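Q: only geometry, no sequence info:
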C-alpha cells in the first residue's frame, strides 16, 4: 500500500534556500524531509516522526 499525503506544511529559515517539509499521511503517520532548493537536490530521504504518546489529560498531565 502506498501512502498519500493528506496535509503538508513547509517552512524555511530566511533566505537560506533550505526548507523543512512536514507531511501527514492517510494512515496517520507524520513525516519530514529537508529540501535544499539552492542546488535542486533532496539532501535527505523522508523520515518518519515518532508517534505521539497517549496522555491522560484528565489527570492534569500538562
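A: Yep, that arrived. All figures in this text were calculated on a predicted structure; none of them were measured in a lab.

Q: State whether residue 30 and residue 47 are indeed in contact, as I suppose.
A: No: with contact defined as Cβ atoms under 8 Å, residue 30 does not count as touching residue 47 (9.9 Å). All C-beta atoms are positioned from the backbone trio N, CA, C, and that covers glycine.

Q: the more surrounded of the two?
A: Using other Cβ atoms under 10 Å as the criterion, residue 30 and residue 47 rank with residue 30 on top: 15 against 10.

Q: ok, how many other residues are close to the closest residue to the more buried one other than its chain neighbours?
A: What sits nearest to residue 30 in space, not counting adjacent residues and going by Cβ to Cβ, 6 or more residues apart in numbering, is residue 49, at 4.3 Å. Neighbourhood size, residue 49 [other Cβ under 10 Å]: 12.

Q: Residue 27: what's it in contact with?
A: 1, 3 (Cβ atoms under 8 Å, 6 or more residues apart in numbering).

Q: And the strands in this protein?
A: Along the chain, counting by DSSP state E, strands occupy 5-12, 18-25, 30-36, 41-42, 47-48.

Q: Which neighbouring elements make contact with the third one?
A: Looking back up the chat, that one is strand 30-36. With contacts taken as 3 or more Cβ pairs under 8 Å, 6 or more residues apart in numbering; DSSP states H and E, strand 30-36 sits against strand 18-25, strand 41-42, strand 47-48.

Q: least reliable of those strands going by mean pLDDT?
A: The stretch with the lowest mean pLDDT among these is strand 41-42, at a mean of 66.
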